[in-house]
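*Asks:* Need the 3D shape of this:
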Amino acid sequence: MSRTLRVRQSQTVLPFGVGAVFDIQGESFVATGIGDWPQRAKQRVDAPRLASRLGVTGFYAAPPTANDRYDTPDAPGAPYIRFPSWLFCGACRRMKRWRIADEKPGQPPRCPSCSPGRTLAPMRFVQICSAGHLSDVDWWFWAHSRREAGERRECGEREKLRFLVSERASGLEALSVACAAKGCGASRDLLDILGTHGMRCCGRNPWQRRNEAVECTKPVQIVQRTAGNLYYPVVHSALDIPETQTPTHHADEDLAARVREHDLWVSLCKVAATPRADVFRSMIQDDTGADDALLDLLIAEETGQMPATAPGAAATPERPDLSREEWAAFMAPVPPATRDFALRETTLGLAHETTQPWAGLHRRIGRILLADRLREVRALSGFTRVSPDATVVPADTTRRLKWLPAVEVFGEGIFLTLDKDALKEWEADGQVRRRVAGMRADLDRAFHKDRLEALTGAELSPRFVLLHTLAHLLIRQLSFESGYTTASLRERIYARPDQDQYGILVYTAAGDAEGTLGGLVRQGEPPRLAETLLRMTEAAAWCSADPLCAEHSGQGFGNLNRAACHACALLPETSCEAGNTLLDRALVVGGEHVPGYFEPIVTAARAEAAAAVEQPTS
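*Replies:* Numbering: from 1, shown residues only. I've put the predicted structure just below:
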């Protein structure tokens with residue numbers, strides 16, 4: 001019986017984008033570079049704002065299937081190849097190196113030595129390096145690695161291997177690779193297989209031809225093929241906002257005007273893509289005080305594309321700040337509207353409330369917008385291996401194409417801001433600033449500091465941690481009330497003080513054309529959102545892991561969280577922009593001698609509940 005292996009169009013960007021290894025029905029594959037994509041069948045994805053910021057000509061999505069049954073076996077699609085190529089038989093334990101010529105359409109690989117042929121299973125371990133290369137482990141060398149070089153040369157059979165299991169041991173010590181060549185008998189167990197062993201990197205990825213290999217001197221690491229450090233995708237996301245005449249940098253309008261009036265501005269725009277641009281940039285920055293982000297934005301507006309990377313510079317693609325234009329669109333006096341960006345303003349419905357905690361909640365929330373329809377484009381520019389800050393491998397490993405793979409998704413959302421005056425007063429508190437300063441010190445030591453700073457800005461501000469944690473708590477609460485799971489909801493944090501941002505967007509986006517069930521927007525209408533926010537603050541004030549969670553001085557990845565754990569604040573990785581880091585419930589509801597932004601709401605709600613309990617019933 002022939003089997004059908006399915007990959008959705010949206011999965012070709014994340015999580016099974018270029019370079020990713022994934023298992024399906026007992027088989028293992030790796031996604032190839034976009035240079036191998038079918039040229040005519042792919043679909044164009046329009047996102048001019050994102051394209052200009054990434055410096056590419058456009059985006060394309062992998063060809064979709066004709067219907068949900070996937071009943072066209074030879075339809076073009078994003079290509080995947082079998083990896084690892086070393087397979088083994090669970091019956092006779094023979095290992096076989098599988099080649100493309102051995103493939104039979106619709107059939108899994110089968111053992112040529114067994115009758116009937118048993119399905120072959122992929123080896124569990126592969127090797128990677130920080131230059132982004134991936135390859136099979138040299139199992140022949142591993143089996144002979146305990147022998148001298150001269151003895152290894154005497155064994156001329158490189159593919160007669162067996163993957164054995166011992167009943168006298170457990171764990172990796174029970175597994176071994178043995179050479180079945182006549183007169184050899186070399187063998188080594190897998191007890192210390194993980195880590196570096198002096199093996200050489202092949203200088204390429206599995207889908208690249210041998211003539212595309214480069215000389216690579218990076219140390220090789222052997223990991224499991226499902227290890228977390230095998231694949232770190234570099235994904236960029238942008239909302240499809242309409243073009244408006246409203247300046248996209250209200251807070252920096254005067255500064256932007258000074259930059260444009262500078263005597264060297266025209267010269268900088270002319271040489272933006274050359275090494276000479278650095279000289280003009282530094283002189284303009286010295287005279288005006290503009291930062292790199294503002295100069296990049298103004299150059300993009302002037303030239304229509306981002307400045308090219310100077311020769312000799314690192315090949316790592318930058319993570320451009322795409323929040324300016326989106327924040328401006330949400331905060332426009334009359335929100336712009338198109339078919340894929342439909343906003344309407346609403347309130348909490350508490351304008352006439354005088355009792356607590358409702359009056360206090362009304363004073364701490366600013367603008368609220370309901371997005372009945374949003375369109376988001378997610379593009380994959382490349383990936384890294386070993387660590388997020390390693391060398392980025394582009395989605396097109398041939399480096400000839402000027403487009404990127406992307407998908408468009410549609411959904412709905414709730415946008416809300418905090419009260420600007422209340423936020424500034426809270427941020428000025430010394431205890432708040434000291435607590436965030438401790439998180440900043442941990443961030444400076446984190447190896448993914450650059451990736452997080454692309455979200456937080458140059459400085460980690462109290463408002464970012466507050467808004468980020470608020471978004472997590474709100475998503476967790478909305479998942480109980482909107483009909484969506486937490487994995488279906490996503491966040492966008494607008495919290496850069498230099499751009500005067502102080503809001504969040506909680507939204508859902510799906511790969512189909514409809515893109516919305518309406519449940520999220522319904523929860524944003526009055527009085528539901530006010531009730532949701534109140535229940536959110538009450539739930540956040542207590543965690544099942546307290547007092548351990550509330551009093552923690554550093555937990556999570558890189559100690560970048562404070563009072564935040566899986567029981568109270570963490571979300572699925574697909575929902576969070578910052579990888580579940582830089583979270584602290586104490587800044588939201590108070591604790592550990594730190595005033596929370598919503599702490600008066602929690603206190604008032606508790607007092608009201610206590611009064612209701614003490615009130616005698618008739």
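
*Asks:* So, low pLDDT: which residues of the stretch 51-200 of the chain?
*Replies:* Under the criterion of pLDDT under 70, the regions of the stretch 51-200 of the chain flagged as low confidence span 65-75.

*Asks:* how about the helices of it, start to end?
*Replies:* Listed in chain order, the helices of the stretch 51-200 of the chain (DSSP state H, counting those that start in this stretch) span 139-144, 149-154.

*Asks:* what sits up against the last one?
*Replies:* Applying Cβ atoms under 8 Å, 6 or more residues apart in numbering, the set of residues contacting helix 149-154 from outside is Phe141, His144, Cys184, Ala186. From N, CA and C alone the C-beta is placed, and that goes for glycine too.

*Asks:* residues touching His448, list them.
*Replies:* Here His448 is in contact with Ser387, Pro388, Asp389, Gly558, Gly579 (Cβ under 8 Å, 6+ apart).

*Asks:* Spit out the contact partners of the last one.
*Replies:* Which is Gly579. Counting by Cβ under 8 Å, 6+ apart, Gly579 touches His448, Leu452, Phe557, Glu573.

*Asks:* measure the first one to Ala293 for me?
*Replies:* So the one you mean is His448. Separation of His448 from Ala293 (Cβ to Cβ, to the nearest Å): 19 Å.

*Asks:* Moving C-terminal from the top strand by length along the chain, which element do we reach first?
*Replies:* Among all segments of the chain classified by DSSP state E, the strand with the greatest residue count is strand 365-384. Of the helices and strands lying after strand 365-384 in sequence (DSSP states H and E), the nearest is strand 393-394.

*Asks:* Tell me which helix or strand comes right after that next one.
*Replies:* Past strand 393-394, heading to the C-terminal end, the next element that is a helix or strand (DSSP H and E) is strand 403-418.

*Asks:* Pipe the contacts of His448 into JSON lines and attach distance to Gln221 and pLDDT per row.
*Replies:* Listed next are the contacts of His448 as JSON lines, based on distance: Cβ to Cβ, whole Å; pLDDT from 0 to 100:
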{"residue": "Ser387", "distance to Gln221": "10", "pLDDT": "89"}
{"residue": "Pro388", "distance to Gln221": "15", "pLDDT": "85"}
{"residue": "Asp389", "distance to Gln221": "15", "pLDDT": "84"}
{"residue": "Gly558", "distance to Gln221": "20", "pLDDT": "87"}
{"residue": "Gly579", "distance to Gln221": "21", "pLDDT": "90"}
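
*Asks:* For the buried ones among these, write the corresponding ChimeraX selection.
*Replies:* Selecting only the buried members of the contacts of His448 in ChimeraX, with burial defined as 16 or more other Cβ atoms under 10 Å, works like this:
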select :388,389,558,579
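
*Asks:* With Ile365 as the reference, name the closest of the helices of the stretch 51-200 of the chain.
*Replies:* When the helices of the stretch 51-200 of the chain are ranked by distance to Ile365, counting by Cβ to Cβ, first place goes to helix 139-144 at 60.5 Å.

*Asks:* Name the residues that touch the closest one?
*Replies:* Among residues not part of helix 139-144, those counted as contacts by Cβ under 8 Å, 6+ apart are 86, 95, 123, 151-152, 155, 158-159, 161, 177-179, 184, 186-188, 193, 197, 199.

*Asks:* let's see it at 7 Å
*Replies:* Where contact means Cβ atoms under 7 Å, 6 or more residues apart in numbering, the residues beyond helix 139-144 that reach it are 86, 95, 152, 155, 158, 161, 177-179, 186-188, 199.

*Asks:* same question, stretch 374-382
*Replies:* With Cβ under 7 Å, 6+ apart, stretch 374-382 has contacts from 13-14, 17-18, 45, 47, 50, 54, 59, 233-240, 317, 340-341, 392-395, 404-413, 507, 509.

*Asks:* Show me which of those are buried.
*Replies:* By the neighbour-count criterion of 16+ other Cβ under 10 Å, those include these buried positions: 13, 17-18, 45, 47, 50, 54, 59, 233-240, 317, 340-341, 392-395, 404-413, 507, 509.

*Asks:* before we move on, back to that, greatest separation within the contacts of Gly579: which pair is it?
*Replies:* When the contacts of Gly579 are compared pair by pair using Cβ to Cβ, the two farthest from each other are Leu452 and Glu573, 14.3 Å apart.

*Asks:* Can you name the next helix or strand after the helix or strand bottoming out on mean pLDDT in the chain?
*Replies:* Within the chain, judged by mean pLDDT, DSSP states H and E, the helix or strand with the poorest mean is helix 292-303; its value is a mean of 73. Tracing the chain past helix 292-303, the next element assigned as helix or strand by DSSP H and E is helix 323-331.

*Asks:* that older thread, just the contacts of helix 139-144 now: which is nearest Pro527?
*Replies:* Taking Cβ to Cβ as the measure, Pro527 sits nearest to Trp86 out of these, at 61.3 Å.

*Asks:* more neighbours, Leu452 and Glu573?
*Replies:* Here Leu452 and Glu573 are set side by side on neighbour count (other Cβ atoms under 10 Å), and the busier one is Leu452, at 20 against 10.

*Asks:* would you say the more buried one is within a strand?
*Replies:* No: secondary structure assignment places Leu452 outside any strand; it is helix (DSSP: H, G, I helix; E, B strand; the rest coil).

*Asks:* Disregarding flanking residues, what is the spatial nearest neighbour of it?
*Replies:* Closest residue to Leu452 apart from its sequence neighbours, by Cβ to Cβ, 6 or more residues apart in numbering: Ala578 at 5.9 Å.

*Asks:* The one you found: how many residues sit nearby?
*Replies:* The number of residues packed around Ala578, counting by other Cβ under 10 Å, is 20.

*Asks:* Isn't it up against Ala471?
*Replies:* No: here Ala578 does not reach Ala471: they are 10.0 Å apart, not a contact under Cβ atoms under 7 Å.

*Asks:* Show me the shaky parts of this structure.
*Replies:* The chain contains residues with pLDDT under 70 at 1-4, 65-75, 243-253, 300-319, 510-517, 616-618.

*Asks:* Domain-wise, how is it divided?
*Replies:* Split into domains by automatic domain parsing, the chain comes to 9-231, 337-392+406-605.

*Asks:* and those domains as TSV, adding distance to Arg281?
*Replies:* What follows is the domains of the chain, written out as TSV (distance: least, Cβ to Cβ, whole Å):
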stretch	distance to Arg281
domain 9-231	17
domain 337-392+406-605	16
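
*Asks:* Of those domains, flag the one that's most buried.
*Replies:* Among those, ranked by average contacts under mean count of other Cβ atoms under 10 Å, first place goes to domain 337-392+406-605 (a mean of 19).

*Asks:* from the chain's centre, how far out does that domain sit?
*Replies:* Its chain's average C-alpha position is 16 Å from that of domain 337-392+406-605, according to Cα atoms, centre = their mean, to the nearest Å.
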